[in-house]
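K.L.:
A predicted structure for the sequence below; I have some questions about it.
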Amino acid sequence: MMEKMPLSIIYDVTKQCPWNCAICCMGASPKPEECANELSHSQKLNLMEQIAAVAQEREVRIDFSGGEVFTDLRNVEVLEYAAKLLGREKVGVSSSGYKIGDTLAGRLSKCISDCEMTMDSVPGTSYSLRPKGYAEAAAQALPFLQEYGIQTGIQTVLAKENCKEGTLRALYTWLCEHRVDNWSLLRFYPSGRGAAYAGQCITEEEEAWAVRLIQQMDWENASEVKPEIDFHYTMKGHPKHSQVCRCVRKSIGILPDGRVTSCFWAIDGEMRIADGKFALGSVLEKPLQELLSGEKAAYWMACEHSCELSKPEGKAA
Ligand code: SF4
Ligand code: SF4
């Protein structure tokens, strides 16, 4: 049995989202009726207690994601409870910026350490893979988060449409000017609704070119106030690159209905888990701690794996 490393938990609280991104990997929907069977408020609170029990055995960090977490503001109570049990520094949120203004940011500052939003092109420019107003929502939320001392991150998904020198330079300049703390980069994979956009996948050469360009922009910028660059571990050409699978040993995903997946990319647009080996069980049936010490989890913990998603190039977790 390998030593237990810190566990990163991505909890997709809901499938509900006010946006309708063409490339949404989870098939999020603005309609509540399409988001049935999600954990109730009390079940979400109970899940935080289950996670706290796991944290007695190994270091845990939880990132709340979706859908859009703030489609239901009662989810803030879940964040607050997570912070009470785990500590604020162990709680983060991924959001589009929806509803984040002065009041919400003030409340979040007491229960999260960081908030990551997605921006694939500079606000005010059109980008066909995201709806109108999407980048602007992140831009309008940013100053409120910063005012309350929340670490800010912008994630950019690299696709054919934005993997261009002018677009990436403009984005980097925007992030520097707006004092964003962290810029994380991830390549686009055609999953969920995005399966219809396979033509937007960048090639390995384009990925390598983008990594070099971004590293160069960073090196050329002598300012002390600039975003920390964080390439996804699957991207080649930077020190963090690794081909070792993170399933269970480093990360798990929890879906809105309480099912636990060893890889949060192993789901399709209908939120079906791609293969039985990724499905660890449901927190409604067994405590998370038990699922993580069960037979299914043991498969991933026993040795290092490389990506076992059936898609030709795997996906990134
Ligand atoms: S990609 Fe994110 S913001 Fe866009 S529809 Fe899906 S969950 Fe919502
Ligand atoms: S994307 Fe592949 S390598 Fe990454 S955690 Fe999932 S199965 Fe493992």
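P.N.:
Great, that's in hand. In this text, all values refer to a predicted model and were calculated from it rather than measured experimentally. Ligands and ions are numbered 1, 2, ... in the order given.

K.L.:
Return the alpha-carbon coordinates of the longest strand belonging to the chain using PDB.
P.N.:
Scanning the chain for the strand with the most residues, using DSSP state E, yields strand 151-158. Extracted C-alpha coordinates of strand 151-158, given in PDB (Å, rounded to 0.1, in the frame of the first residue of the first chain):
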ATOM      1  CA  GLN A 151      -6.800  34.800  -3.600                       C
ATOM      2  CA  THR A 152      -8.000  35.000  -7.200                       C
ATOM      3  CA  GLY A 153      -7.300  32.700 -10.000                       C
ATOM      4  CA  ILE A 154      -8.200  32.700 -13.700                       C
ATOM      5  CA  GLN A 155      -8.300  29.500 -15.600                       C
ATOM      6  CA  THR A 156      -8.000  29.400 -19.300                       C
ATOM      7  CA  VAL A 157      -8.900  26.500 -21.400                       C
ATOM      8  CA  LEU A 158      -6.700  26.300 -24.500                       C
END
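
K.L.:
Partner strands of that strand, with direction?
P.N.:
Partners of strand 151-158 in the sheet, by DSSP bridges, are strand 114-118 (parallel), strand 182-187 (parallel).

K.L.:
hmm, who's touching it?
P.N.:
23, 94, 113-120, 129, 138, 142, 145-146, 162, 171, 175, 180-188, 202, 206-207, 210, 227, 230 (C-beta atoms under 8 Å, 6 or more residues apart in numbering). All C-beta spots, glycine's among them, are computed from the backbone N, C-alpha and C.

K.L.:
Which pLDDT value belongs to the spatially closest residue to residue 68 that is not a sequence neighbour?
P.N.:
Counting by C-beta to C-beta, 6 or more residues apart in numbering, residue 68 lies nearest to residue 17, which is 4.3 Å off, once chain neighbours are set aside. Listed pLDDT for residue 17 reads 97.

K.L.:
With residue 302 instead?
P.N.:
Looking at residue 302, the pLDDT reads 91.

K.L.:
same check, this time on residue 312
P.N.:
On the pLDDT scale, residue 312 gets 40.

K.L.:
so who does the nearest residue to residue 151 once chain neighbours are set aside touch?
P.N.:
In space, residue 151 comes closest to residue 114 once its chain neighbours are excluded; the distance is 3.7 Å by C-beta to C-beta, 6+ apart. By C-beta under 8 Å, 6+ apart, the contact set of residue 114 is 92, 93, 150, 151, 152, 153, 181, 182.

K.L.:
now the helix or strand the first one falls within, how far from the centre of its chain.
P.N.:
Mapping residue 92 onto the secondary structure by DSSP states H and E places it in strand 91-94. Centroid separation for strand 91-94 versus its chain: 9 Å, with C-alpha atoms, centre = their mean, to the nearest Å.

K.L.:
Lovely, talk soon.
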